[in-house]
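Trainee: with the input below, show me the fold.
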Amino acid sequence: MHVIVVGCGRVGSELAVALDEAGHSVAIIDKNRNAFRRLPDRWSGRAVLGFGFDRDHLEQAGVREAEAVAAVTSGDNTNILTARIARETYQIENVVARIYDPRRAVIYQRLGIPTVATVTWTTDQVLRRLFRNTSVDWTDPSGQVTLVERQLPDAWAGRKLATLAEAGRFQIVAVSRAGEARLFTPDLVGQEGDILHAMAAKADLDGLDARLAEGAGAHHGGH
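Mentor: Prediction:
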């Protein structure tokens with residue numbers, strides 16, 4: 001997978017190295033040439049001098065082939081603008097923006113862009129939001145049951161989340177919305193930007209993903 005990281009500070013450089021070591025193709029953008037000194041000699045990715053919200057610079061970074069973009073500069077406005085361009089102009093689904101002001105999280109969530117606040121930032125958190133389908137929060141000692149995160153597809157917005165569950169296979173236990181988590185209740189209706197926390201039998205994770213991909217209209221024809 002080709003990933004673009006915008007911002008080569010401590011956060012961006014660590015993320016770029018982690019992605020590179022995981023075998024991904026990586027390009028990193030920064031407006032300061034000296035910032036690239038944070039990258040180790042062993043790093044095999046591409047460095048682009050410029051701005052993440054500049055389409056020419058994004059093109060140099062391979063945005064048309066990218067499947068994920070992480071905007072992790074020191075500026076909230078730069079990060080959200082970069083994330084919006086990646087999502088709206090280039091139709092990149094896996095986008096995450098780092099923010100300093102958590103009060104803006106509600107706005108960003110409404111735009112459908114996952115955010116990570118600086119005070120809680122770790123490389124692992126960004127990776128989990130870029131590659132949500134590989135996110136596993138917990139697995140029981142037997143390895144049979146897992147707690148996973150999934151982004152709610154837009155097609156499920158406005159539908160009761162209870163219809164996503166299948167007894168004995170998977171069920172929703174909580175929802176993160178606008179930066180706040182709430183326990184699942186049977187009458188909970190999905191909203192754009194929701195992050196689902198689901199318990200599933202390990203063997204049924206593909207089934208959970210398939211159910212989410214069906215879209216609201218395809219699920220049992222229900223209301």
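
Trainee: host element of I107?
Mentor: Element membership for I107 (DSSP states H and E) is helix 105-110.

Trainee: name the nearest residue to L111, sequence neighbours excluded.
Mentor: In this structure, L111 finds its nearest non-sequential neighbour in R84, 6.6 Å apart by C-beta to C-beta, 6 or more residues apart in numbering. C-beta here means a position set from N, CA and C on the backbone, and glycine is covered the same way.

Trainee: got the buried residues for the helix or strand containing the one you found?
Mentor: Using DSSP H and E, R84 sits within helix 76-84. Judged by neighbour count using 16 or more other C-beta atoms under 10 Å, the buried positions of helix 76-84 are 76, 78-84.

Trainee: what are the ranges of the helices in this protein?
Mentor: Assigned by DSSP state H, the helices in the chain fall at 10-21, 55-60, 76-84, 105-110, 123-130, 205-214.

Trainee: list the helices and strands the first one packs on?
Mentor: Packing partners of helix 10-21 (3 or more C-beta pairs under 8 Å, 6 or more residues apart in numbering; DSSP states H and E): strand 2-6, strand 25-30, helix 123-130.

Trainee: for those, which has the smallest mean pLDDT value?
Mentor: Mean pLDDT is lowest for helix 123-130 among the helices and strands packed on helix 10-21, at a mean of 62.

Trainee: domains in the protein, by residue range?
Mentor: Recorded structural domains for the chain (assignment: automatic domain parsing) are 2-132, 135-218.

Trainee: so which of the helices of the chain gets nearest E166?
Mentor: Closest of those to E166 is helix 205-214, at 7.2 Å (criterion: C-beta to C-beta).
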